[in-house]
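**Student:** how would this look folded up:
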Amino acid sequence: MLALHALMVSLQEATRQTSNYYLYNWLWWLFLIFAFFIFPLVFGDYYQLLRLSGTINRLLSDLGRVLNQSFTSVVNTIENIVRKNNIQNVTRKDIESKIKDLIEYVLIQPTELETQGIVNKLKHIITLYNKELEDAIRRLIPVDKHVIQNIVSSVEALRSLNLIYKIVMHYYRLGMKYRNFYILLQIYMVIPQIKEAVNAISGAINAFIKGQPIGDSAGPLTAFKFLREKCESVEPLSHSVEDTYIARCRYKGRIVYVIKALGPGSSTGRLDDAVTYLIEHCGVKPRAIITVDAALKLEGEKTGTITEGIGVAIGGIGVEKFNIETLATKYRIPIYAVLIKMSMPEALTLMTKDIAEATNKAVERVCKIIEQVAKEGEEVLFIGVGNTIGVAQ
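**Tutor:** Numbers count the residues shown, from 1 in each chain. Reported below is the predicted structural model:
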């Protein structure tokens, strides 16, 4: 009897364990089905929305912090200028109010319904826009022009930071409003590029405030070095072209007209007006037009790499490029380009050693082109393209 009882107990225990095993097994399978099939279908979009919104919210916090720090740096700089020059009736509150107004200042593109003359319209609007910014800063702090130009460039950089912040905020709120994670996904995919651009612009503001050369100053620095190191004689020309430096020099018997923005303030000059002035008003007949400018490198390319090409190396919206190309075509003038490769952050931030050394190589390339295209006694135009901040004449 005892043996039979023990057998019955063992059978009951085995049955209970088997039942528990199958119960646990079924529960495990139900969990897997819920986790991999039901949850993604029912709650997947909501989970993705929460995940993306959290990431973008942190990005907005970082952007806001950088924007506030940059804004404070610009305001502090202007306040220091006010104290240093003993300018009366200008308070910190006045400075903050004016800068806030300027970073919201809008430039409206001309209509493209009729393309005839659109380049001249665009040039007129941009010239007026730049003049209004300079006048606004000058009314606030009536100081030297190069200081005003540096502040204007800092404000322009602040406008870019503010625009990036507002665009990211717009899509973030739009995605949360409609509970659509695909809208947020558009921002999420370009977060690395946004951070890189923001860091570059923030670095540019620091350089503008201090009046130091940036990577984009490579073209003007090349022109400066050519005048100082290669020319036998240098004669600055008197002219009416604003914010632009023009000099005539002799290089191995050739006559070279060097054009660059007027430094050392933050300016890109009016290079197309300078070329027009020399060719159509002074009667210069150049054998070639040579432009030197910074160019964005591809990933894998080395900073400071020098490349040559055909065409006008001028970035921006294309107004100056169009006008110089039109003149070159009208008078059948060959146009050559020397490019100094760099990344976008390197172009906007303090000039690196690699870029500074690359300008020496660019000078040699320019000399070689001049010797190849022009004989002794013939004329050449050499344009150092870019922001000339920190680069004097």
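**Student:** CA atoms for contacts and neighbours, from now on please.
**Tutor:** OK.
**Student:** Relative to residue 120, how far out is residue 177?
**Tutor:** Distance of residue 177 to residue 120, given as C-alpha to C-alpha, to the nearest Å: 42 Å.
**Student:** Check residue 224 too.
**Tutor:** 30 Å.
**Student:** between the two, who's got more neighbours?
**Tutor:** When neighbours are counted by other C-alpha atoms under 10 Å, residue 224 and residue 120 differ, and residue 224 comes out ahead with 22 against 13.
**Student:** shouldn't that one be in contact with residue 390?
**Tutor:** No - with contacts counted by C-alpha atoms under 8 Å, residue 224 stays clear of residue 390, the gap being 11.3 Å.
**Student:** list the buried ones in stretch 376-383?
**Tutor:** Applying a neighbour-count criterion of 16 or more other C-alpha atoms under 10 Å, one finds 378, 379, 380, 381, 382, 383 buried in stretch 376-383.
**Student:** tell me the SS of the last one?
**Tutor:** Assigned with DSSP: H, G, I helix; E, B strand; the rest coil, residue 383 falls in the strand class.
**Student:** What segments of the stretch 251-393 of the chain are helices?
**Tutor:** Listed in chain order, the helices of the stretch 251-393 of the chain (DSSP state H, counting those that start in this stretch) span residues 271-276, 319-330, 344-348, 353-373.
**Student:** And the last one, what does it pack against?
**Tutor:** Translated: helix 353-373. Secondary-structure packing of helix 353-373 (3 or more C-alpha pairs under 8 Å, 6 or more residues apart in numbering; DSSP states H and E): helix 218-229, strand 286-296, strand 306-310, strand 335-342.
**Student:** And the strands in the protein?
**Tutor:** Using DSSP state E, the strands of the chain run over 233-236, 244-251, 254-261, 286-296, 306-310, 335-342, 379-384.
**Student:** mind putting those strands in JSON lines, mean pLDDT and distance to residue 99 included?
**Tutor:** Formatted as JSON lines, the strands of the chain follow (pLDDT from 0 to 100; distance: least, C-alpha to C-alpha, whole Å):
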{"stretch": "strand 233-236", "mean pLDDT": "92", "distance to residue 99": "36"}
{"stretch": "strand 244-251", "mean pLDDT": "96", "distance to residue 99": "27"}
{"stretch": "strand 254-261", "mean pLDDT": "97", "distance to residue 99": "25"}
{"stretch": "strand 286-296", "mean pLDDT": "96", "distance to residue 99": "30"}
{"stretch": "strand 306-310", "mean pLDDT": "96", "distance to residue 99": "39"}
{"stretch": "strand 335-342", "mean pLDDT": "97", "distance to residue 99": "31"}
{"stretch": "strand 379-384", "mean pLDDT": "97", "distance to residue 99": "31"}
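**Student:** could those be laid out in a markdown table, adding distance to residue 98?
**Tutor:** Shown next, in a markdown table, are the strands of the chain (distance: least, C-alpha to C-alpha, whole Å):
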| stretch | distance to residue 98 |
| --- | --- |
| strand 233-236 | 37 |
| strand 244-251 | 28 |
| strand 254-261 | 27 |
| strand 286-296 | 33 |
| strand 306-310 | 42 |
| strand 335-342 | 34 |
| strand 379-384 | 33 |
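**Student:** Which one, of the ones you listed, ends up nearest to residue 74?
**Tutor:** Proximity to residue 74 (C-alpha to C-alpha) singles out strand 254-261 among the strands of the chain, at 23.5 Å.
**Student:** who touches that closest one?
**Tutor:** Contacts to strand 254-261, defined as C-alpha atoms under 8 Å, 6 or more residues apart in numbering, come from residues 220, 223, 227, 243-250, 267-271, 274, 374-388.
**Student:** Tell me how this structure divides into domains.
**Tutor:** 53-210, 215-384 (automatic domain parsing).
**Student:** tell me the most buried of the ones you listed?
**Tutor:** Across these, averaging neighbours per residue (mean count of other C-alpha atoms under 10 Å) puts domain 215-384 on top, at a mean of 19.
**Student:** May I have the distance across it, first residue to last?
**Tutor:** 13 Å.
**Student:** Stretch 104-122 now?
**Tutor:** 20 Å.
**Student:** hmm, who's touching that stretch?
**Tutor:** 125, 126, 129, 159, 319, 322.
**Student:** Kindly indicate which of the residues you listed lies nearest residue 90.
**Tutor:** residue 159 (22.4 Å).
**Student:** Give me the pLDDT for the nearest residue to the closest one once chain neighbours are set aside.
**Tutor:** Nearest residue to residue 159, sequence neighbours excluded (C-alpha to C-alpha, 6 or more residues apart in numbering): residue 103, at 4.5 Å. Looking at residue 103, its pLDDT is 93.
**Student:** thought residue 103 was touching residue 153?
**Tutor:** No - counting by C-alpha under 8 Å, residue 153 is not a contact partner of residue 103; they are 11.1 Å apart.
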